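Visitor: Give me coordinates for this.
(chains A and B)
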Amino acid sequence: MIKNTPKVKLRGLFKIFGADDKSVLPHVQNGMGKEELLEKHKHVLGLQSIDVDMQAGEITVVMGLSGSGKSTLIRHLNRLIEPTAGEIVVDGEDVTQLSQADLRTLRQEKMSMVFQKFALLPHRTVQQNAAMSLDVRGMDKETQDTEARKWLERVGLGGYEDHYPSQLSGGMQQRVGIARALTANTDIMLMDEAFSALDPLIRTDMQDLLLELQLELKKTIIFITHDLDEALKLADHLVILKDGAVVQQGEPQGILLNPADPYIEDFVSDINRARVLRIRSITNPLKSKKFAGDVEADDNLESLIALSEGDTALTYRVMSDGEPIGELNMRDLVKALVPRISSTQAA
Amino acid sequence: MATYDWGFNALGLRDWCDAGTSEAPMSMADLLAETGNAVEEPFYAIPFPSLDALNEACGKITQTRDVVKGLEEGFLAIRPALRTILDPITQPLSWMLDGTLYLFTQAPWFLIVAMLLLVTWYATRSVSVMLFNAFCLSFFAFVDHFEPAMETLAVILVCTVISAIFGIPIGIAMSKSNRLQRMVIPVLDLLQTLPTFVYLIPLIFLFPIGESRLYGIAITLYAIVPIIRLTDLGIRLVDQDVIEAGNAFGMNARQKLSKVELPLALPNIMAGLNQTIMMSLAMVVIASMVTAPGLGVLVLRGIRNLELGVGLMAGICIVLLAVMLDRTSKAALSRIDRAKSKTS
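Guide: Next comes the predicted model:
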């Protein structure tokens, strides 16, 4: 896959909340921390020196605890929040330089958004809500109806077109939110804690729905979450934020195996590693001749443990697209399940 | 000798005070003093140093009656200028009132009743409210109060429409600008706290008695307050998440107003409209003192001539009219709420 030009590129992005953000910016650039800035200058540091590339067709997950600035970050992409300094480049165009009219065009045609609290229009039917973006663009009624119907059908809400949002459950309301974003037919989808308000089972359904849609649509999705399991499940590229700064970013399996600092170690220590880690991530080069069997590189460790019935003496051959790419000893697998050991060994 | 002579003496103003005032007519107190019957007054009878008391000590100080006269003359002096501006602006109000009054009093009763019931049905879709309104209208007609009741209703209708036409845009503008809100709220507070009679005084001078805009303005000023307040409040209370969604999908300011803010603020705006209608009714009765037609005139006659029965009958009709208007507008409001709660 060619990854030369990222779809969305953030460079040196700073956000300081307060009356006179530009004048305190130099302090932050010289390394003043969040607490000190608040105490000395009464300004709140939102984001500092963010550099992230988001590739076309990938799901970039931005994860952090509340207050880490993740919701602030996603709102910079369509400038719902104005940055203090830095560049936001979408398709080679700096969003920060756009006029209000151009910005509206960008929001209408390039980026759609899904919200944590759904933010549907309560006085409009499901179908009218789904068609909102086309209505804003002034498209004719017929196009609005057919497009909205098509995407409602696609997210599993066929038959609910004439209901009102309050007549639906939370999960169904968020399906409307997703249909609304898909109807906009934009390359980029921003999802702000889109599944955080849903209960766990529904959340899993929605994640599966998103992955299934993504397989087919190949959108550039920027997904915000505070849930590591969700992040690991969805992410092609994972960005971890803390106090408004990126602490680590990269391929999620890599972050899991090589946490950059104690903060992330803490973060990943509670994870069910057997379910999240893929065989591919801990595969060693082929050495042995005799194997207990073949396994798929993209399967998770849990499936392999089940296959081996807990026998740690076995070694398996790892296959990808029908080709052997390495081997995996069950002892390595067991080691990988323990956070500290795996991180020191892999480092 | 007056109480505050010593003050002017001490300040050395005695000569200035007495200059040219010796010919002034004597006050009653002076006369009494000259007859020699003046009694030594106890210390607690000392008057407040008001204009009149000071005038007794020093002829150069104006008396309160002169200040009052000055106010009146000042007001009369700016009246022509005010009238040149206000006359053309408010003329349409007179036409609207006269036209609607003509329509409501000259059209055959069955047409008016049919029209009102139709409006009720359109606004409320409620059979019970419609039946109640039909009962009230028949009652007015049955006791021969149909015409004054319709006059009152016509005035309320016009003033409510005017209040909505001006009040809703003002409320929207206030919700958009904190500074405008800070400026307008004291004016609304003033309009709401002024005793209703006080509205009438300057208006009597500005507009000839007998012109309908005189009471039209008084009623509108009084009744416009709630619709402004609740429009402002309603728009400010709209869920910020939904507004953000509007922004995120690229709505411009006008689309946000028409597609998000106004629909979501509608229940509050309708509550404001209900209050405006009720306040119009309250004021139209009082405005009968400045020739507003309708049931208020009968109440006034009852008070003036001690015709108890006339006043009571008109009072009953006013109560029925009030319940009718309140029920209808509340039913319309709850219909909107239902449509919204089905949705929120």
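Visitor: Ramachandran angles for B:Ser177?
Guide: B:Ser177 adopts backbone torsions of phi -130, psi 120, taken as degrees, to the nearest 10.
Visitor: Next one, pLDDT for it please.
Guide: B:Ser177 is assigned 94 on the pLDDT scale.
Visitor: list the contacts for it?
Guide: If you count contacts by Cβ atoms under 8 Å, 6 or more residues apart in numbering or on different chains, B:Ser177 has none. Just so you know, the C-beta spots here come from the backbone N, C-alpha and C atoms, and that holds for glycine as well.
Visitor: In which helix or strand does the residue positioned nearest the centre of chain B reside?
Guide: For chain B, B:Tyr222 is the residue whose C-alpha lies nearest the centre (Cα atoms, centre = their mean; 2.8 Å). Per DSSP states H and E: B:Tyr222 is located in helix B:212-236.
Visitor: list the buried ones in the following helix or strand past that helix?
Guide: The helix or strand immediately downstream of helix B:212-236 is helix B:240-248, counting by DSSP H and E. Neighbour counts over helix B:240-248 (16 or more other Cβ atoms under 10 Å in any protein chain shown) mark B:Val242, B:Ile243, B:Glu244, B:Ala245, B:Gly246, B:Asn247, B:Ala248 as buried.
Visitor: what are the C-alpha coordinates of helix B:240-248, in CSV please?
Guide: Extracted in CSV, the C-alpha atoms of helix B:240-248 (Å, rounded to 0.1, in the frame of the first residue of the first chain):
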residue,chain,number,x,y,z
GLN,B,240,-25.3,22.4,22.3
ASP,B,241,-24.5,18.9,21.0
VAL,B,242,-27.2,19.3,18.3
ILE,B,243,-25.9,22.7,17.4
GLU,B,244,-22.4,21.3,17.1
ALA,B,245,-23.8,18.6,14.8
GLY,B,246,-25.3,21.3,12.7
ASN,B,247,-21.9,23.0,12.5
ALA,B,248,-20.1,19.8,11.8
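Visitor: Extract the C-alpha set from the strand or helix carrying B:Ser138 and format it as PDB.
Guide: Taking DSSP H and E as the definition, B:Ser138 sits inside helix B:127-142. In PDB, the C-alpha atoms belonging to helix B:127-142 read as follows (Å, rounded to 0.1, in the frame of the first residue of the first chain):
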ATOM      1  CA  VAL B 127     -62.300  18.000  20.400                       C
ATOM      2  CA  SER B 128     -62.700  18.900  24.100                       C
ATOM      3  CA  VAL B 129     -61.100  22.300  23.700                       C
ATOM      4  CA  MET B 130     -63.200  22.900  20.600                       C
ATOM      5  CA  LEU B 131     -66.400  22.000  22.500                       C
ATOM      6  CA  PHE B 132     -65.400  24.300  25.300                       C
ATOM      7  CA  ASN B 133     -64.800  27.200  22.900                       C
ATOM      8  CA  ALA B 134     -68.100  26.500  21.200                       C
ATOM      9  CA  PHE B 135     -69.800  26.700  24.600                       C
ATOM     10  CA  CYS B 136     -68.100  29.900  25.600                       C
ATOM     11  CA  LEU B 137     -68.900  31.600  22.300                       C
ATOM     12  CA  SER B 138     -72.500  30.500  22.600                       C
ATOM     13  CA  PHE B 139     -72.600  31.800  26.100                       C
ATOM     14  CA  PHE B 140     -71.400  35.300  25.000                       C
ATOM     15  CA  ALA B 141     -74.000  35.400  22.300                       C
ATOM     16  CA  PHE B 142     -76.800  34.100  24.600                       C
END
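Visitor: That one packs against which elements?
Guide: Contacts defined by 3 or more Cβ pairs under 8 Å, 6 or more residues apart in numbering or on different chains; DSSP states H and E place helix B:127-142 against helix B:109-124, helix B:146-176, helix B:308-341.
Visitor: Kindly recompute the last result at 7 Å.
Guide: Applying 3 or more Cβ pairs under 7 Å, 6 or more residues apart in numbering or on different chains; DSSP states H and E, one finds that helix B:127-142 contacts helix B:109-124, helix B:308-341.
Visitor: Please work out which of those is packed deepest.
Guide: helix B:308-341 (a mean of 17; mean count of other Cβ atoms under 10 Å in any protein chain shown).
Visitor: For it, give the mean pLDDT please.
Guide: Helix B:308-341 carries an average pLDDT of 89.
Visitor: How far away from the center of its chain is that helix?
Guide: Taking the mean of its C-alpha atoms, helix B:308-341 sits 20 Å from the chain's own mean (Cα atoms, centre = their mean, to the nearest Å).
Visitor: That helix vs helix B:109-124, what angle?
Guide: On the basis of axes from the mean of the first three to the mean of the last three Cα atoms, to 10 degrees, helix B:308-341 is oriented at 30 degrees to helix B:109-124.
Visitor: Which neighbouring elements make contact with helix B:308-341?
Guide: helix B:109-124, helix B:127-142, helix B:146-176, helix B:262-286, helix B:295-304.
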